[in-house]
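Engineer: Can you look at this prediction? I've put the sequence above it.
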Amino acid sequence: MVQVFSFPTSDDVAQALNTYLAQASATAIATTGRFTIAITGGSLPATASKYLKANKAVDFSKWYVFWGDERCVSHDHDDSNYKLVKEQLLDHVNVPAAQVFPINPTLIGNPEEAALDYHHQLASVFGNGGVPEFDCVLLGIGPDGHLCSLFPGFPQVKEADKWVTSIRDSPKPPPSRITLTLPVLNNAKEAVFVVTGSGKSEMFKTIVEDKDTSKPSTLVAPKSGKLYWFVDDAASQHLSAVKPSTFKL
Ligand SMILES: O=C(O)[C@H](O)[C@@H](O)[C@H](O)[C@H](O)COP(=O)(O)O
C-alpha cells in the first residue's frame, strides 16, 4: 500500500512523523523486542527528530540505529551523517551506544572496505541468513531523484547482491560514500520518505505520479508493500492523479 500523507507545513510533517515513529517503534518492540531503523542524511534527521527526541513514550533503549548512507568522513566531520543524527536525535535519547552503527572511522580512506565492514555490522544484528529486514527505513529524495547514495545512472542502483556498496565519484559531494542497496531497502517492513519544500515538488511528482524509473527513488517498493510518503503541501502541489490520504495509523 503506497500512501501519500500531505500536511500544510513542514512542522506538521515533523509532528506526524513523531506519531508514526512512536507507533512503529512500539509495535516492533511488542513483537520482536527491538526496533531496527536506518536513517539518511540531508534535512531528514532534523524533521524526524524535532518532536521525537522529546517523546517520553518511545522506548529508545530498544532501538538499533543504522545509516541508509554515509559519507566517508570522520565522525566529527560536518559532512558526517552520523554526526547529524547524533546531534539531532541520539544526544537527546537513550539508545545504547552498542546499538548505534556508524561507519567504521578507520576505513574512511577505503570505501569498498568500509562497505564490507558495514555489511558485517548489519550481520551482527540481522544475522547472516538473509537480507536484513529493517522495521523502518527513513528516506529523503535528492533534487535529481537519488536516495541514500544511489544516484541516477550510477551502477550502485543496479546492485542486486550486496547489502552495502560504495561510491567514489558521487555527484553530490563529498565523493566517497557507502550506501545500503535497493535489495535491503526493499526488504524493509516499512519504507518512509520525507519530502518538504517546493524545491522538491517537480521531482516528487516525477517519482510518485509519473513513476519515472530512471530516478532511483522510484525503485523503492518494499516487498511488504508498505511505502509511505510524509510530505508538506509545498512538495505535493503538482500532484494531480495521486490523491493524498488522510493521515491515520
Ligand atoms: O548523505 C546524503 O547525501 C543523504 O543521505 C541523501 O541521500 C539525502 O537524503 C537526500 O539528498 C535528500 O537530502 P535533503 O533532505 O537535504 O534534500
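Structural biologist: Alright, I've got the coordinates.

Engineer: What is the longest helix of the chain by residue count?
Structural biologist: In the chain, taking DSSP state H as the definition, the longest helix is helix 10-32.

Engineer: Which SSE is immediately downstream of that one?
Structural biologist: Once helix 10-32 ends, the next helix or strand along the chain (criterion: DSSP states H and E) is strand 35-39.

Engineer: how deep is the nearest residue to residue 180 once chain neighbours are set aside tucked in, by neighbour count?
Structural biologist: Closest residue to residue 180 apart from its sequence neighbours, by Cβ to Cβ, 6 or more residues apart in numbering: residue 68 at 5.2 Å. Every C-beta, even on glycine, is put in place using the N, C-alpha and C of the backbone. Residue 68 has 24 neighbouring residues, counting by other Cβ atoms under 10 Å.

Engineer: mind checking the SS state of residue 87?
Structural biologist: The assignment at residue 87 comes out as helix when based on DSSP: H, G, I helix; E, B strand; the rest coil.

Engineer: Please renumber the chain so that the first residue is 51 from this point on.
Structural biologist: In the new numbering, first residue 51, that becomes residue 137.

Engineer: could you list every residue that touches it?
Structural biologist: Residue 137 is in contact with no residue at all, counting by Cβ atoms under 8 Å, 6 or more residues apart in numbering.

Engineer: tell me the phi and psi of residue 187?
Structural biologist: Main-chain dihedrals, residue 187, degrees, to the nearest 10: phi -110, psi 130.

Engineer: before we move on, what about residue 222?
Structural biologist: According to degrees, to the nearest 10, residue 222 has phi -100, psi 120.

Engineer: just to revisit the earlier point, my read: the residue nearest to residue 230 touches residue 238, true?
Structural biologist: No. Applying Cβ atoms under 8 Å, one finds residue 118 not in contact with residue 238, separated by 10.0 Å.

Engineer: pLDDT at the residue of the chain found nearest the ligand, what is it?
Structural biologist: Closest approach of the chain to the ligand (Cβ to the nearest ligand atom) occurs at residue 92, with a separation of 2.3 Å. With respect to pLDDT, residue 92 scores 95.

Engineer: what does the one 5 residues further on give?
Structural biologist: Note on residue 97: pLDDT of 97.

Engineer: I'd say it and residue 62 touch.
Structural biologist: No. Taking contacts as Cβ under 8 Å, residue 97 lies outside contact range of residue 62: 10.5 Å.
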